[in-house]
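S.K.: Model the structure of this input:
(3 chains)
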Amino acid sequence: METYSLPPKPKNSLYKKVKRVIITLLVIALYVWTFLSIDIDWGRAIERAISNFHRVIPKLFNPDWGATGEVALSMLETIFIAFAGSLMAAVLAIPLAFLAAHNMMGGKIFSTIGKWILSAVRAFPDLILAILFVVAVGPNAFAGVLAIAIGSTGMLGKMFSEIIESIDMEIVQAMEANGANKIQILFYAVMPQVIPEFLSFAIYRFEIDIRASSILGIVGAGGIGTMIIFASNNRNWNEMGTILLAIIIVVTVIDFASSRIRSKIV
Amino acid sequence: MTNENNSLAEKKTPSIYPAKIKMQITVIFFVILGIYLFSMYWTQKEMVGGFAGALGNMFTVIEKFFPPNLNVVPAIWGPMVETIQMAIIATTVASILTIPLAVLAARNVTTFKPLYYTTRTFLNILRTIPDLVLAVIFVGLFGIGLFPGILALIVFSLGILAKLISETIESVDMNPLEAMRASGGNVYQVIWYGLVPQVLPQFTSLVLYVFEINIRASVVLGYVGAGGIGLILNQQLGFYNYPNAMMIIVLIFIVVIVIEYISNKLREALI
Amino acid sequence: MIEFNNVGLVYPNGTEGLKNINATIKDGEFVVIVGLSGAGKSTFIRSINRLVTPTSGSLLVDSEDIINYHSGDLRKLRTKIGMIFQNYNLVKRSNVLKNVLAGRLGHTGTLRSIFSLFKKEDIGLAYESLKRVNIDEKIYNRADELSGGQQQRVSIARVLTQKPKYILADEPVASLDPPTSHQVMTYLKKINKEDNITTIVNLHFIDMAMEYADRIIGMRAGEIVFDGPVSEVSEKTFEEIYGRSIREDDLRGGADES
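M.R.: Got it, this is the predicted structure:
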């Protein structure tokens, strides 16, 4: 066997090594803590699963067709909630996005404040917003609309501001050189560049909102979620099967339609 | 802005946009407006007081909810921690289970078409089911507790993660894999040396992203009995104890922001 | 020794990649295959390590017909045949040493390789190979930090680490500039002579073929239209192979600069 000289060891700085060791230890500690302190009663869960299985699973796959009409109506309400909510959000997001984009309003302070507002809004889960609005306007579908509208504004505002930041500023300069005023620049230089992508993201957000609005009823904010809670409380798994089927079909169809429209726009 | 042009322009001057497109856009605009107005009518028809009343109510709500009751923090800290742990476990399990699924759903690795389409369809259906619906079903199956919640998060995040990772796999450079096959590497070696190094940074980044999603999802799972802080939030709202509920909401808000901040920093370091 | 006996290859979509190929390549030869793109050069080379599978005839490597080889045999065959690609085919995110060690995969067990437990000799061999192509100082750099010529040298080191009996090179200089092209060809020639490794290179540059080859095989439309030592080759031979007169872009040039 021939022998060869071994290559020199890689020169990693002490800082890097220490950092790697610390990160590894932290991750291990996190897992040990998580798995030691989590409290799951396996015995009971398995026992329940065995006795419940035949009462739940076969029924889910055997939908209650008698409930179709009611389910369809609730699902329609869900679509209305998502539609009204996304549209409101898309409109609300535009001024916020211009505020948050660093190449518009002309101030770093404005842009920082705008970004803070948007990320604060995004930190609220949709359902928490729905809880607040249910208390405010009562348990009805409009609380859902408001929850979706506010929840989506955070994400759309962030996306829109990133789109605005990526536009070609030379066109704006060209218009300024023409003597156009701010409003004219907005409509002739900025808007044409951003509108297609704004639309595309708004439609994409509508996809997400359909999913989000289908569970809002769990806290009383209308739509198909109301039926989910009833079916669950009554152990009516056949009806749950119908609801599940309705959600799967509607979400799939809307995802498909939306991706077709979006590929046409951009 | 086009209206202004029209009023000024004589009939013979050409319009900026072709008439057909103008027509289409007008029709689409009015259809969207129509659906919107109808949606607003529909969703408000069961509401007392209408839109104006709603705005007035906002202030009463703010009055009810504020100030949040800081004294409940020690009592809700435990369930909050439990909620985070649920998300950690669910994300970990999902990121392991996602590997075979993602490979099967990647067109460039799974060349056997029926298998590829089956996996894709399965994942697409999985992604249409909302997290809370999964939780409701699992609670029905396993009873109230953490376990159905964790299971719901696993299944829910599996759909998202497997799709995103399969797209990452589809975008890798296949040339090094050919080189390793040519030098006598077997299937596992080719995947380990050719594919894994190209996918790993993206994989970690996507797992962190899904962890953020799971944190948001886990805080509300308790609402349907699937463990975590949502249960207590539901109880406090049921007792009309709004300052306590607000404190829980504030805590959720802080936890979500802190975790997203950490996760963002980690992801920036990765790529 | 590699022997093609009436080898033909028809792709699933019906195109004929190879038509009735007969050729024998003796140990230690440096053969350059020339021809226009689509002439079947790549198919010819890839048949030898079975990245593509001929559909008729017999193809002997060390007097064994490899056409019906399956997983185990195929791995053994590929282990003794190194391959160099036009686009280097390195894992861009991995460092140079790891890329070079990938050449040892065929000699390493699956478990060992998954835990990166390469033998000391293998790591030494990898380093030695990098030294031979003068790129040992980049050993811990990531592959995507290197220039094209450096990456191609790393891929030569990967092949050397494999300790092959044959080297196949598929358009190794097509993505490089003239001076770097000559450098890469010089390394290939040097290795061919020093280690007595049979080397088969696909090129479409006439001047480079003439400069480095012992023997030239000309291909057109999946057939061998010329096969002989460099001394028998003239401009007219190339015009016959290409089916047209020689143009500026058939030459790499820059031989004097390197």
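S.K.: For the rest of this, base every contact and every neighbour count on C-alpha atoms.
M.R.: Noted.
S.K.: Can you tell me the SS state at residue C:33?
M.R.: At residue C:33 the chain is in strand, as set by DSSP: H, G, I helix; E, B strand; the rest coil.
S.K.: Can you list the residue ranges for helices in chain C?
M.R.: Along chain C, counting by DSSP state H, helices occupy C:41-48, C:71-79, C:96-101, C:110-114, C:120-132, C:148-161, C:178-195, C:206-212, C:235-242.
S.K.: for the stretch 51-200 of chain B, that is, sorry about that
M.R.: Secondary structure of the stretch 51-200 of chain B by DSSP state H, counting those that start in this stretch: the helices cover B:73-104, B:113-128, B:131-142, B:146-170, B:175-182, B:187-190, B:196-221.
S.K.: returning to that earlier point: nearest to residue A:239, of the helices of chain C?
M.R.: helix C:110-114 (49.7 Å; Cα to Cα).
S.K.: That closest one - what's its average pLDDT?
M.R.: For helix C:110-114, the mean per-residue pLDDT is 79.
S.K.: Out of the helices of the stretch 51-200 of chain B, flag the one nearest residue C:108.
M.R.: Nearest of those (Cα to Cα): helix B:187-190, 9.4 Å.
S.K.: for the closest one, the distance to its chain's centre please.
M.R.: Distance, stretch centre to chain centre, for helix B:187-190: 34 Å (Cα atoms, centre = their mean, to the nearest Å).
S.K.: quick check, that helix touching chain C?
M.R.: Yes - against chain C, helix B:187-190 shows contacts by Cα under 8 Å from any Cα of the partner chain at B:188-189.
S.K.: what residues does that helix touch?
M.R.: Helix B:187-190 is contacted by residues B:177, B:180-181, C:105, C:110, C:113-114 when judged by Cα atoms under 8 Å, 6 or more residues apart in numbering or on different chains.
S.K.: which parts of that helix are buried?
M.R.: Across helix B:187-190, burial judged by 16 or more other Cα atoms under 10 Å in any protein chain shown covers B:189-190.
S.K.: is the biggest helix by length in chain A up against chain B anywhere?
M.R.: Using DSSP H, we find that the single longest helix of chain A is helix A:68-100. Yes - using Cα under 8 Å from any Cα, helix A:68-100 reaches chain B at A:77, A:80-81, A:83-84, A:87.
S.K.: For that helix, enumerate the helices and strands it packs against.
M.R.: helix A:108-122, helix A:141-165, helix A:191-213, helix A:224-233, helix A:237-265, helix B:19-44 (3 or more Cα pairs under 8 Å, 6 or more residues apart in numbering or on different chains; DSSP states H and E).
S.K.: Tell me, what's the model's pLDDT at residue 13?
M.R.: By default, I'm working from chain A. In this prediction residue A:13 is given a pLDDT of 70.
S.K.: nope, chain C please
M.R.: Confidence score, pLDDT, at residue C:13: 87.
S.K.: Up against chain C, what does the stretch 101-250 of chain B have?
M.R.: So the stretch 101-250 of chain B meets chain C at B:175-186, B:188-189, B:192-194, B:197-198 (Cα under 8 Å from any Cα).
S.K.: I'd like to know which of those residues are buried.
M.R.: Counted by 16+ other Cα under 10 Å, those give B:175-186, B:189, B:192-194, B:197-198 as buried.
S.K.: per-residue pLDDT, residue C:172?
M.R.: Confidence for residue C:172, expressed as pLDDT, is 91.
S.K.: What is the neighbour count of the nearest residue to it once chain neighbours are set aside?
M.R.: In this structure, residue C:172 finds its nearest non-sequential neighbour in residue C:86, 4.6 Å apart by Cα to Cα, 6 or more residues apart in numbering or on different chains. Around residue C:86 there are 16 other residues, counting by other Cα atoms under 10 Å in any protein chain shown.
S.K.: Show me where the stretch 1-150 of chain A dips below the pLDDT cut-off.
M.R.: A:1-3, A:12, A:105-107 (pLDDT under 70).
S.K.: Next to chain B, which bits of it? Give me the list.
M.R.: A:34-35, A:38-40, A:45-46, A:48-49, A:52-53, A:56, A:77, A:80-81, A:83-84, A:87, A:120, A:123-125, A:127-128, A:135-138, A:140-142, A:145.
S.K.: can you tell me which residues contact residue C:7?
M.R.: Counted by Cα under 8 Å, 6+ apart, residue C:7 has contacts C:18-22, C:54-59.
S.K.: among the residues you listed, which two are most distant?
M.R.: Once Cα to Cα is applied, those give C:22 and C:55 as the farthest pair, at 14.4 Å.
S.K.: Just give me the residue closest to the centre of chain C.
M.R.: In chain C, the residue lying closest to the centroid (Cα atoms, centre = their mean) is residue C:169, at 1.5 Å.
S.K.: thought it was touching residue C:83?
M.R.: Yes - taking Cα atoms under 8 Å as the definition, residue C:169 is a contact partner of residue C:83 at 5.7 Å.
S.K.: The helix or strand containing residue B:248 near chain A anywhere?
M.R.: With elements taken from DSSP states H and E, the one containing residue B:248 is helix B:242-270. Yes - using Cα under 8 Å from any Cα, helix B:242-270 comes into contact with chain A via B:249, B:253, B:256-257.
S.K.: Now rank the residues of helix A:68-100 next to chain B by neighbours and give me the top one.
M.R.: residue A:81 (34 neighbours).
S.K.: Residue A:214 is in contact with that residue, correct?
M.R.: No - contact criterion Cα under 8 Å: residue A:81 and residue A:214 do not qualify, at 9.1 Å.
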